[in-house]
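Undergrad: Sequence first, predicted coordinates after that:
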Amino acid sequence: MAARTAQSDKKTKFQTAASGDLAGASFAGEAGVHAWARDFLLFALFFAGLMLLHAPLLRLPYFWDEAGYYIPAARDLYLTGTLIPTTTISNAHPPLVMAWLALAWRMAGYSPLVTRTAMLALSAFSLLGLFRLARVAANWPVAWATTALVAVYPVYFTQSSLAQVDLAAAGFTFWGLAAYIKDRPWEQVLWFSLAALAKETGILAAAALAGFELVAYSVAPRLRKSHWSEFRWSDFLPPVARRTRWFWLMLPAVPLAGWFLYHRSKTGFLLGNPEFFRYNVAETMDPLRIPLAFGMRLWQVVGYFGLYLLTLVGALAMLRPPQRRRGVEEERPRIALWVQAALLCVLLTYLAFMSAVGGAVLARYMLPVVPLVILLWVSTLWRRMRYWKLIVAAVAIAFVMGLFVNPPYGFSLEDNLAYRDYVVMHAEASRFLAMRCPTARVLTAWPAADELSRPWLGYVSRGFPVVRIENFSAAQIDLAVAARDRFDVALVFSTKYEPEHPLMENWDAWRRVKERFFGYHRDLSPEDVAQRLGGTIVYHKEVNGQWIAVIALEREQNVGQIPASTRSHSQQMAGVGFDHDPNILAGTQLQVIARR
């Protein structure tokens with residue numbers, strides 16, 4: 001019995017050290033100047049790599065939710081020092097990322113280049129946090145492979161330079177999870193607090209771990225006393241010697257609660273303006289919508305943009321025995337079971353919450369957990385596959401292809417480099433309007449309405465008076481026809497992504513479900529819009545499946561004489577979801593927006 005116990009203890013110590021458990025020897029010598037220097041060099045490496053890869057994107061004008069909320073909110077803070085936006089309606093998002101942008105602008109000036117450089121710094125810091133998490137949970141090879149895959153995963157890559165809050169919340173979550181595994185309570189409080197102040201949903205990871213600790217505290221004594229302990233169920237619970245307790249993980253809710261109370265004192269609303277709450281909470285709590293959204297969320301964490309390849313090979317690898325370490329008889333160790341259980345709790349919490357909340361089912365909302373899935377699969381490949389590096393390289397190639405090749409299903413343009421095509425086309429169309437009809441009143445939809453009326457977004461040097469409709473569906477165009485005297489030209493563009501040969505295209509039931517629960521609509525073509533408005537297409541461009549057009553009403557002689565530009569054609573494509581409801585002021589009437 002003693003020999004068996006000693007052998008078991010030896011094996012446990014080996015697995016613990018290799019899997020990054022607190023009791024292992026892998027943390028020996030981690031503290032001190034050496035660790036800080038190493039982390040600084042890693043950060044510099046990640047930042048330099050991101051800057052090089054994003055160089056063609058750094059001067060792009062602001063895109064979609066950037067232009068609609070985050071840049072206006074950060075600019076208000078930069079100009080006036082107020083935490084509550086004044087040039088856009090407050091959505092109650094915590095101000096940490098906006099404050100970071102305001103600081104960057106204060107130091108280097110207001111420009112897209114400074115904005116995107118500041119966001120890439122946050123992305124590099126997030127990759128460093130993920131690297132630390134993977135290293136303490138697994139080992140160095142897994143950490144390098146995981147970080148490389150996440151860096152080129154299309155959703156993470158594009159979000160790295162966009163001025164939005166989800167990636168920052170994910171990065172602070174990675175740092176918090178690393179501190180949780182290493183059993184450093186105050187570090188957990190710090191990082192999870194920052195995650196919550198980056199975006200309110202950043203509190204989910206801490207809440208999930210608090211629940212995990214509570215369950216462990218309640219069931220651990222029973223498992224140790226019951227015969228079930230023979231099946232090693234206790235390995236799925238945190239070690240009993242850890243200092244972390246559930247109440248530590250609830251402390252990050254305090255600064256978040258303080259922000260919401262401050263927001264309520266300034267605006268009268270606790271969780272954002274009523275329309276924001278309606279769009280993201282009240283209308284999503286539907287028992288029919290939740291399981292549909294759950295299926296979409298599940299796809300986003302296991303199959304989206306090439307993730308299905310990693311999931312498939314990872315599942316097949318589970319059928320193989322573990323590889324043996326060179327020169328020794330021990331198997332390659334897995335990530336500690338209790339660490340896997342903790343990460344699974346965080347994943348399930350995000351899946352459940354994001355299925356019930358959020359008007360748009362955007363992939364970026366899952367950024368805090370998709371890298372965790374990648375980490376678990378990479379660790380599985382390292383443990384069980386001899387040529388795991390080749391598999392990781394193949395998955396990386398699939399991710400890179402996903403940046404340039406659009407999938408055969410609906411997706412948000414911000415999830416790959418399709419967003420660049422959108423920005424470039426809108427910038428060119430805006431310059432066309434500025435040169436050919438600088439005094440025209442423009443009919444368009446959001447976000448082009450903001451692009452044309454707010455010069456500081458980077459599209460125009462002088463704002464246009466804008467008449468805004470919700471979209472370019474037949475109903476909205478008919479509404480515009482009744483008010484033709486209020487605008488001179490129309491800027492129309494693709495707003496929803498529709499592949500050339502979409503899946504389930506002819507399934508009317510699915511189309512009705514999308515219309516009811518996910519805001520789906522069909523845009524009219526530029527030719528149909530021109531016909532209904534009684535105008536002429538004077539500018540039309542298509543790039544990689546997206547399109548944009550300028551339509552001059554027949555009475556506008558100076559515009560109607562402009563020859564149509566050369567048109568390129570590609571596959572049909574349309575739009576993007578959005579973080580907030582941009583049409584909360586439009587309603588069923590046209591909204592006139594003056595120059596700003």
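TA: Alright, I've got the coordinates.

Undergrad: give me every residue that touches the residue lying closest to Thr267 once chain neighbours are set aside.
TA: In space, and not counting its chain neighbours, Thr267 is closest to Ser90: 5.7 Å by C-beta to C-beta, 6 or more residues apart in numbering. Every C-beta, even on glycine, is put in place using the N, C-alpha and C of the backbone. Contacts here follow C-beta atoms under 8 Å, 6 or more residues apart in numbering; on that basis Ser90 touches 73, 84, 263, 267, 269, 272-273.

Undergrad: Ser90 and Pro72: what is the separation?
TA: In this view, Ser90 and Pro72 are 10 Å apart by C-beta to C-beta, to the nearest Å.

Undergrad: neighbours of Gly49, just the number please.
TA: 15 (other C-beta atoms under 10 Å).

Undergrad: Am I right that it is in contact with Val152?
TA: No - assessed by C-beta atoms under 8 Å, Gly49 is found out of contact with Val152, at 10.2 Å.

Undergrad: Out of the contacts of Ser90, which is nearest to Asn280?
TA: The closest of the contacts of Ser90 to Asn280 turns out to be Gly272 (C-beta to C-beta; 7.7 Å).

Undergrad: What residue, apart from its backbone neighbours, is nearest that closest one spatially?
TA: Here the residue nearest Gly272, using C-beta to C-beta, 6+ apart, is Ala92, at 3.7 Å.

Undergrad: and what of Arg462?
TA: Pro455 (6.2 Å).

Undergrad: Output the below-cut-off pLDDT ranges for the stretch 401-550 of the chain.
TA: 501-506 (pLDDT under 70).

Undergrad: How about the stretch 251-400 of the chain?
TA: 327.

Undergrad: Going along the chain, name the helices of it.
TA: 253-267, 274-277, 289-302, 307-317, 337-356, 370-384, 388-404 (DSSP state H, counting those that start in this stretch).

Undergrad: Of all those, which one is nearest Asn471?
TA: helix 274-277 (16.9 Å).

Undergrad: can I have that closest one written out in CSV, keeping just the CAs?
TA: Output of helix 274-277 as CSV, limited to C-alpha atoms (Å, rounded to 0.1, in the frame of the first residue of the first chain):
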residue,chain,number,x,y,z
PRO,A,274,-34.7,52.2,-22.5
GLU,A,275,-34.4,51.4,-26.2
PHE,A,276,-31.0,49.8,-25.6
PHE,A,277,-32.4,47.7,-22.9
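
Undergrad: Report the buried residues of that helix.
TA: 275-277 (16 or more other C-beta atoms under 10 Å).

Undergrad: any idea which of these is closest to Trp140?
TA: For the buried residues of helix 274-277, the nearest to Trp140 is Phe276 (43.8 Å; C-beta to C-beta).

Undergrad: following the helix ranked longest in the chain, which helix or strand comes up?
TA: Longest helix in the chain by number of residues (criterion: DSSP state H): helix 112-137. Per DSSP states H and E, helix 112-137 leads on to helix 140-152 as the next helix or strand towards the C-terminus.

Undergrad: Quick one: list the elements packing against the helix or strand that that following helix is followed by.
TA: Toward the C-terminus, helix 140-152 is succeeded by helix 154-159 as the next helix or strand (DSSP H and E). Counting contacts by 3 or more C-beta pairs under 8 Å, 6 or more residues apart in numbering; DSSP states H and E, helix 154-159 packs against helix 166-181, helix 370-384, helix 388-404.

Undergrad: most tightly surrounded among these?
TA: Of all these, helix 166-181 has the most neighbours on average by mean count of other C-beta atoms under 10 Å, namely a mean of 27.

Undergrad: avg pLDDT for that helix?
TA: When pLDDT is averaged over helix 166-181, the result is 97.

Undergrad: how much distance is there from the helix or strand just after that helix to the middle of the chain?
TA: Next in sequence after helix 166-181, counting helices and strands by DSSP H and E, comes helix 185-198. Remark: helix 185-198 is offset 19 Å from the chain centroid, using C-alpha atoms, centre = their mean, to the nearest Å.

Undergrad: Let me see the contact set for the most centrally placed residue in the chain.
TA: Nearest residue to the geometric centre of the chain (C-alpha atoms, centre = their mean): Arg364, 1.8 Å. Contact analysis of Arg364 by C-beta under 8 Å, 6+ apart lists 155, 159, 164, 166-167, 412, 414-415.

Undergrad: Number of residues surrounding Ala530?
TA: With other C-beta under 10 Å as criterion, Ala530 counts 23.

Undergrad: hang on, the earlier thing: between the helices of the stretch 251-400 of the chain, which gets nearest to Ala134?
TA: helix 370-384 (5.2 Å).

Undergrad: List the neighbouring strands of the helix or strand harbouring Thr536 plus their orientation.
TA: Assigned by DSSP H and E, Thr536 belongs to strand 535-543. If you go by DSSP bridges, strand 535-543 pairs up with strand 546-553 (antiparallel).

Undergrad: Residues in contact with the strand it pairs with: which ones?
TA: Here strand 546-553 has contacts from 413, 418, 421-422, 425-426, 429, 432-433, 437, 484, 487-494, 526, 529-530, 533-541, 559-560, 562, 572-574, using C-beta under 8 Å, 6+ apart.

Undergrad: In helices only, show me those.
TA: 418, 421-422, 425-426, 429, 432-433, 526, 529-530, 533, 559-560.

Undergrad: out of the residues you listed, which are buried?
TA: 418, 421-422, 425-426, 429, 432-433, 526, 529-530, 533, 559.

Undergrad: which of these sit farthest apart?
TA: Ala418 and Val559 (29.2 Å).
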